[in-house]
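A.B. asks: Sequence plus the predicted model coming up.
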Amino acid sequence: MHYVIQRWTHSLCAVIFFVLSCHAAAGALPRFNADPVQVTVSGISSGGAMAVQAHVAYSGTFKGAAIFAGAAYYCAQGNLAYATARCMEPLSSLEIPVAELASTTRLWASQGFVDNTAYLANSKVYLFSGTLDQTVRQPGMDALRDYYLNFVNPSNIVYNNQTAAGHGWISLLGPVLCAAQQSPYVNNCNLDPQQTFFSMFYGQLNAKQTGQLSGQFTAVDQTEFVDDRNPNLHGLDTNAWLYVPASCARGELCRVHVSYHGCNQSFNKIGDQFIRMSGLNEWADTNNIIVLYPQVFPSLVGPVNGQGCWDWWGYDDPDYAKKSGRQLLMTKRMVDRITSGYAPVAAPQNLQAAHVSTMSVKLRWSPVNNATGYKIYRDGMLVGSTSISSNNYGTVFVNTGLMPGTAYTYTVRALAGNGNVGPASASLTVSTR
């Protein structure tokens, strides 16, 4: 949507100087211990419109949305002329029939084409529209705000429409000046909206990663989530990208965030610049959030989608905005796969020191339902584990080889039957004699 109609020149992978390979072999999308009720979405431009569609159509799944330069739900009503005119370049939000769009949403919800709109009431919504954006003018985003006000508690909506930004995703890692409109459309406005909307979605956050990320970027296969196994035929790339923090790879309980790139921002267009510079991964790394980056495939043949935009006007599917829409359904299936490894166990309670000597500490805690064992951490490092068959249901551990007169801090995590690791107990500091 940076420009919907424009001649497309394919950039060669040979000129992309990024860490991710242009032809990285994609593996099957893994399952994780990810909470299915803590899934959120974001997007920029056509990806912003797509994020709105995902949020509304699957409001039972996506509990929050962050939209940069997007469009009101079903704004284009299946018409490219509407998309490029009233949705992107309105002079007034009154040009967009918000009441009609809200009415359509309610009708489709009653017919089961989208989720019950009651799910939207407590959802969290972050909106961003730069005052200098000449691609998606502010009245279009004003209309999106007005649309959401039909369904979402007003106190749950944050709208930044005061920043002198051009058309782009806003990130402290962005290489583009705030006021500019140029590739890769990741603008640095000295703001951290990722902190803002992740805090809205997930509450108080740990400080973001400022050094090397702990996790891995992985190419994953989108093909199996498309009915005919031919994603290119529907404007989709073969691969998506996934950022998995090390904690999530270890089986700790995590959340999921889906982020849609905009037109001219797909991996085929700009390599990994949006994926790496989104500002999402640094917060995700320290807050147990898996980030999924679905990908569009730019094409000059059916469907014609040379800019690599998401389907928000019907170029591939007349039901693009409904749950059955191919691109939406692919995303939902991918989220379902990621969260299918969910096996929660609670944090151990009542951690205490049963005995302390000069060189050892004996720990004890209360059993956790459905736990098969426990991991014990000293000063943040794993020092041992127990199983329920070892001793007293695995709720006793003796840490030896310590230094006399030294303070140590312990936490314990429970293990689920599939190996997933639960949240940490309250910490306990003990000093040897």
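C.D. replies: Yes, it's here.
A.B. asks: all helices of the protein, in order?
C.D. replies: If DSSP state H is used as the criterion, the helices of the chain fall at 46-57, 80-82, 98-111, 138-148, 193-202, 246-249, 267-270, 273-277, 280-286, 326-339.
A.B. asks: Among those helices, single out whichever gets nearest to Arg433.
C.D. replies: For the helices of the chain, the distance to Arg433 is smallest for helix 246-249, at 34.1 Å, taking C-beta to C-beta. The C-beta positions use only the backbone N, C-alpha and C, and glycine is treated the same way.
A.B. asks: tell me what the longest strand seen in the chain is packed against?
C.D. replies: In the chain, taking DSSP state E as the definition, the longest strand is strand 34-44. With contacts taken as 3 or more C-beta pairs under 8 Å, 6 or more residues apart in numbering; DSSP states H and E, strand 34-44 sits against helix 46-57, strand 62-68, helix 193-202, strand 254-260, helix 326-339.
A.B. asks: Looking at those, which is nearest to Tyr377?
C.D. replies: The closest of those to Tyr377 is strand 254-260. By C-beta to C-beta, the value is 17.9 Å.
A.B. asks: Which strands and helices lie in contact with that closest one?
C.D. replies: Taking 3+ C-beta pairs under 8 Å, 6+ apart as the contact cut, strand 254-260 packs with strand 34-44, helix 46-57, helix 193-202, helix 280-286, strand 289-293, helix 326-339.
A.B. asks: ranking the ones you listed by burial, who's on top?
C.D. replies: Highest mean neighbour count among the helices and strands packed on strand 254-260 (mean count of other C-beta atoms under 10 Å): helix 46-57, with a mean of 31.
A.B. asks: low-confidence ranges in this protein?
C.D. replies: 1-25, 390-392 (pLDDT under 70).
A.B. asks: what separates the most centrally placed residue in it from Asp311, distance-wise?
C.D. replies: Centroid-nearest residue in the chain, with C-alpha atoms, centre = their mean: His257, separated by 1.6 Å. For His257, the distance to Asp311 (C-beta to C-beta, to the nearest Å) stands at 21 Å.
A.B. asks: Present the helices and strands packed on strand 34-44 as CSV; the columns should include distance to Leu351.
C.D. replies: Below are the helices and strands packed on strand 34-44 laid out as CSV (distance: least, C-beta to C-beta, whole Å):
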stretch, distance to Leu351
helix 46-57, 40
strand 62-68, 31
helix 193-202, 25
strand 254-260, 23
helix 326-339, 29
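A.B. asks: of those, which approaches Ala26 most closely?
C.D. replies: Nearest to Ala26 among these is helix 326-339 (12.3 Å), distances taken as C-beta to C-beta.
A.B. asks: picking up where we left off before, relative to Ala121, which of the helices of the chain is closest?
C.D. replies: Across the helices of the chain, Ala121 has its closest neighbour in helix 138-148 (10.8 Å, C-beta to C-beta).
A.B. asks: Let me see the residues that make contact with the closest one.
C.D. replies: The contact list for helix 138-148, computed with C-beta atoms under 8 Å, 6 or more residues apart in numbering, reads 52, 67, 69-73, 75, 87-93, 95-96, 98, 101-102, 120, 125, 127-129, 131, 157, 159, 161.
A.B. asks: Got a quick ChimeraX command for the buried subset of the residues you listed?
C.D. replies: Buried members of these, defined by 16 or more other C-beta atoms under 10 Å, are picked up in ChimeraX with:
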select :52,67,69,70,71,72,73,75,87,88,90,93,96,98,101,102,120,125,127,128,129,157,159
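A.B. asks: Quick check: end-to-end length of stretch 315-335?
C.D. replies: Across its full length, stretch 315-335 reaches 24 Å end to end, with C-alpha to C-alpha, to the nearest Å as the criterion.
A.B. asks: oh sorry, the question was meant for stretch 337-354
C.D. replies: When the termini of stretch 337-354 are compared using C-alpha to C-alpha, they are 42 Å apart.
A.B. asks: Just the buried positions in that stretch, please.
C.D. replies: For stretch 337-354, burial by neighbour count (16+ other C-beta under 10 Å) applies to 337-339, 341-343, 345, 347-348, 351.
A.B. asks: Measure how far that stretch is from the centre of its chain, please.
C.D. replies: Relative to its chain's centre, stretch 337-354 lies at 23 Å (C-alpha atoms, centre = their mean, to the nearest Å).
A.B. asks: what do you get for stretch 29-44?
C.D. replies: Mean C-alpha position of stretch 29-44 versus that of the full chain (C-alpha atoms, centre = their mean) differs by 6 Å.
A.B. asks: same deal with stretch 352-368?
C.D. replies: Relative to its chain's centre, stretch 352-368 lies at 39 Å (C-alpha atoms, centre = their mean).
A.B. asks: ditto for stretch 283-298
C.D. replies: The chain centre lies 5 Å from the centre of stretch 283-298; the measure is C-alpha atoms, centre = their mean.
A.B. asks: Could you measure from Asn399 over to Thr429?
C.D. replies: From Asn399 across to Thr429, the span is 13 Å (C-beta to C-beta).
A.B. asks: any residues in contact with both of the two?
C.D. replies: Common neighbours of Asn399 and Thr429, counting by C-beta under 8 Å, 6+ apart, are 408, 410.
A.B. asks: Pick out whichever of these two has more residues nearby.
C.D. replies: More crowded of Asn399 and Thr429, by other C-beta atoms under 10 Å: Asn399, with 18 against 10.
A.B. asks: The more buried one reaches Ile376, doesn't it?
C.D. replies: Yes. Shown here, Asn399 and Ile376 form a contact pair, counting by C-beta atoms under 8 Å, at 7.2 Å.
A.B. asks: what sits in contact with each of these two?
C.D. replies: Contacts common to Asn399 and Ile376, judged by C-beta under 8 Å, 6+ apart, are 363, 383-384, 410.
A.B. asks: Out of those residues, which comes closest to Ala207?
C.D. replies: Checking those against Ala207 with C-beta to C-beta, the nearest one is Tyr410 at 22.4 Å.
A.B. asks: Pretty sure that closest one sits against Ala424.
C.D. replies: No. Judged on C-beta under 8 Å, Tyr410 makes no contact with Ala424 at a distance of 9.9 Å.
A.B. asks: the more surrounded of those two?
C.D. replies: Legend: neighbour count by other C-beta under 10 Å for Tyr410 and Ala424, higher for Tyr410 (23 against 18).
A.B. asks: what's the nearest residue to the more buried one if we skip its chain neighbours?
C.D. replies: Leaving aside its chain neighbours, Tyr410 sits nearest to Leu428 (4.9 Å; criterion: C-beta to C-beta, 6 or more residues apart in numbering).
A.B. asks: and what of Val37?
C.D. replies: The nearest residue in space to Val37 (C-beta to C-beta, 6+ apart) is Lys63, at 6.9 Å.
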